[in-house]
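Student: The sequence and its predicted three-dimensional model are supplied below.
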Amino acid sequence: MNELQNKEVYQGLNKLYANVTEILANARKRAYTAVNFAMVESYWLIGQQIVEHETGHTASRIDVVTLSPTD
């Protein structure tokens, strides 16, 4: 192969590597989001069970507190 062909092969491999890296990064983000949602949901359900057990009746309402970052 000549120098031009080597450069084209190198550029093609760089593009392939960048695409694979992006695919994996997106998959990690989706996995993190799914796991985070499942954990929050399970903690909420556990809290609901505790409230129902402690109060002796079904929890009909859970107050949601919105936390905002402080400056």
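Tutor: Structure's in. What do you need?

Student: only C-alpha atoms for contact and neighbour calcs from this point on.
Tutor: Fine.

Student: could you measure Gln49 against Ala34, distance?
Tutor: Gln49 sits 23 Å away from Ala34, taking CA to CA, to the nearest Å as the criterion.

Student: quick one: which of these two has more around it?
Tutor: The residue with more neighbours, out of Gln49 and Ala34 and counting by other CA atoms under 10 Å, is Gln49; that gives 15 against 11.

Student: pLDDT score for the more buried one?
Tutor: As predicted, Gln49 sits at a pLDDT of 89.

Student: What distance do you get for it to Thr58?
Tutor: Gln49 sits 9 Å away from Thr58, going by CA to CA.

Student: what's the answer for Phe37, then?
Tutor: The gap separating Phe37 from Thr58 is 23 Å, by CA to CA.

Student: Ok, Ala34 next?
Tutor: When distances are taken as CA to CA, Ala34 and Thr58 turn out to be 28 Å apart.

Student: low-confidence ranges in this protein?
Tutor: Counting by pLDDT under 70, the chain contains low-confidence ranges at 59-71.

Student: show me where it has helices.
Tutor: With DSSP state H, the ranges of helices along the chain come out as 3-55.

Student: Just give me the neighbour total for Leu16.
Tutor: Residues contacting Leu16 under the criterion other CA under 10 Å number 12.

Student: Ok, Tyr32 next?
Tutor: Neighbourhood size, Tyr32 [other CA under 10 Å]: 12.

Student: for Ala18, same thing?
Tutor: 12.

Student: Quickly note the distance from it to Ile50.
Tutor: Relative to Ile50, Ala18 is positioned 48 Å away (criterion: CA to CA).

Student: Check Val35 too.
Tutor: Taken as CA to CA, the spacing of Val35 relative to Ile50 amounts to 23 Å.
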